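K.L.:
take this sequence and fold it.
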Amino acid sequence: MTSSDIRAEFQNYRKAGLNGDDMAATHLETRFGDGLARFVRRVVRTGRGTGSLAEFILHEASLVREQLGLERDELVSELISRLCSVITGQGIAGRVDTVSVAERQTVFAS
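P.N.:
Numbers count the residues shown, from 1 in each chain. Sure thing, here's the model as predicted:
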């Protein structure tokens, strides 16, 4: 599978989520969960990464640790769920998502 194939699949899950498919984030997590888990674990373990995805994970990790105090495996699972929800345009009800964009914070309220 090429990066273009993966990008196309992510876009399809996002379209599905934006079109009202409540299971889009779950399907995305099922399809790419193992790869996302490896990526999230590496970013959390090292505390660094390049790109907006790594920045999102680090930001969310600090929030989740502060608010929920989860252990590593639970933290990774929560971060993957949040990531898939954001990718598919679905939010966790009542939660405010902040994503760093061009040195500004953009707030997505769900």
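K.L.:
can we go C-alpha only for contacts and neighbour counts from here?
P.N.:
Will do.
K.L.:
point to the residue nearest the middle of the chain.
P.N.:
Nearest to the mean C-alpha position of the chain, by Cα atoms, centre = their mean, lies Leu83 at 1.1 Å.
K.L.:
which residues touch that one?
P.N.:
Counting by Cα atoms under 8 Å, 6 or more residues apart in numbering, Leu83 makes contact with Ile57.
K.L.:
what is the mean pLDDT for the helix or strand harbouring it?
P.N.:
Element membership of Leu83 [criterion: DSSP states H and E] is helix 72-87. The average pLDDT for helix 72-87 rounds to 91.
K.L.:
with stretch 17-32 instead?
P.N.:
Averaging pLDDT residue by residue across stretch 17-32 gives 91.
K.L.:
pull up the distance across it, start to finish.
P.N.:
End-to-end span of stretch 17-32 (Cα to Cα, to the nearest Å): 16 Å.
K.L.:
pull out the buried positions in that stretch.
P.N.:
Buried positions in stretch 17-32, judged by neighbour count with 16 or more other Cα atoms under 10 Å: Gly17, Ala24, Ala25, Leu28, Glu29.
K.L.:
other residues contacting that stretch?
P.N.:
Identification of contacts with stretch 17-32 by Cα under 8 Å, 6+ apart yields Phe10, Tyr13, Arg14, Ala16, Ile80, Ser81, Cys84, Ser85, Ile87, Thr88, Gly89, Gln90.
K.L.:
change it to 6 Å
P.N.:
Applying Cα atoms under 6 Å, 6 or more residues apart in numbering, the contact partners of stretch 17-32 are Tyr13, Cys84, Ser85, Thr88, Gly89.
K.L.:
might one say that the third one is in contact with Gly91?
P.N.:
Yes. Shown here, Ser85 and Gly91 form a contact pair, counting by Cα atoms under 6 Å, at 5.4 Å.
K.L.:
alpha carbons only: can I get stretch 5-14 in PDB?
P.N.:
This file holds the C-alpha atoms of stretch 5-14, laid out as PDB (Å, rounded to 0.1, in the frame of the first residue of the first chain):
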ATOM      1  CA  ASP A   5      -3.500   4.800  -1.100                       C
ATOM      2  CA  ILE A   6      -3.400   5.500   2.700                       C
ATOM      3  CA  ARG A   7      -4.100   9.200   2.100                       C
ATOM      4  CA  ALA A   8      -7.100   8.300  -0.100                       C
ATOM      5  CA  GLU A   9      -8.400   5.900   2.600                       C
ATOM      6  CA  PHE A  10      -8.100   8.600   5.300                       C
ATOM      7  CA  GLN A  11     -10.000  11.000   3.000                       C
ATOM      8  CA  ASN A  12     -12.700   8.500   2.500                       C
ATOM      9  CA  TYR A  13     -13.100   8.000   6.200                       C
ATOM     10  CA  ARG A  14     -13.200  11.700   6.700                       C
END
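K.L.:
okay then, goodbye and thanks.
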